[in-house]
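In: got a sequence here, can you model it:
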Amino acid sequence: MSTVKSGHKPGRKPVDLVAASGYRTPQDCVWEAVRALKQFDTASLERWLKKQGYTDINSHTAQSYIKRLLKGRYIEVASIKMLQGIAKTYSYQLVIDIGIQAPRLTKDGDASTQGLGRENLWRSMKILDAFNYIELAQTATTATVAVKPLTAQDYIKHLYRAGYLQRVSEARCGGGLARYRLITGKSTGPHPPMVQRIKQVFDPNLNKIVWPFVQEVD
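Out: From the prediction side, this is the model:
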């Protein structure tokens, strides 16, 4: 069983360090545990994770997601026990099971739209024959997710550098915008390539950094 590198401190990690084979985040693994156990406390959930080989998921990560699931009403408190008359320990029950896809939630338990803009951009690139950044942003924008033209422009820039896009026409004087298309064979999977904070491109479908290219050493 593959482990998921989540780190040992709170906070978001570079996605190439978080993703494991099959692109599983710590949140995905905790949700898998919740669905498998149905009723659990934090100790039994963490034991299950370790038994499955998810040894790098720390307590803070697991407990933080449990709190969001509780606020989102995906789970509820099943029982409360007192420990030595001082501390309380909670047992939880799964009440809403939406399937294998882990709910993406804010700290208040509301549905999170984080990452949906990038998913829409990637999906739109597959739909459109050719596009400029304004057309791509317009296609990627939905009733619930607004994608800014500058966001689309930046995403195009990085995927072009990474070799995913072909420039089919140059920008012209007088306002003509450069147009691009997704290269045949570069639709690597359902997950959008990600531009990391250090401006490298990671493809979760391939589970590797695709730009700048890193020479693999045997």
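In: now the closest residue in space to Arg179 that isn't next to it in sequence: phi and psi?
Out: Distances taken as C-beta to C-beta, 6 or more residues apart in numbering place Ser169 nearest to Arg179, at 4.5 Å, with adjacent residues excluded. The C-beta positions use only the backbone N, C-alpha and C, and glycine is treated the same way. Backbone torsions for Ser169, taken as degrees, to the nearest 10, come to phi -160, psi 140.
In: tell me the spacing between Asp56 and Arg68.
Out: Distance, Asp56 to Arg68, using C-beta to C-beta, to the nearest Å: 20 Å.
In: ok, the two, which is more surrounded?
Out: Per other C-beta atoms under 10 Å, whichever of Asp56 and Arg68 has more neighbours is Arg68, with 22 against 19.
In: now the more buried one: which helix or strand?
Out: Per DSSP states H and E: Arg68 is located in helix 59-71.
In: so how far is that helix off the chain centroid?
Out: The chain centroid and the centroid of helix 59-71 are separated by 17 Å under C-alpha atoms, centre = their mean, to the nearest Å.
In: can you check stretch 117-135 too?
Out: That offset, for stretch 117-135, works out to 19 Å (C-alpha atoms, centre = their mean).
In: endpoints of that stretch, how far apart?
Out: 14 Å (C-alpha to C-alpha, to the nearest Å).
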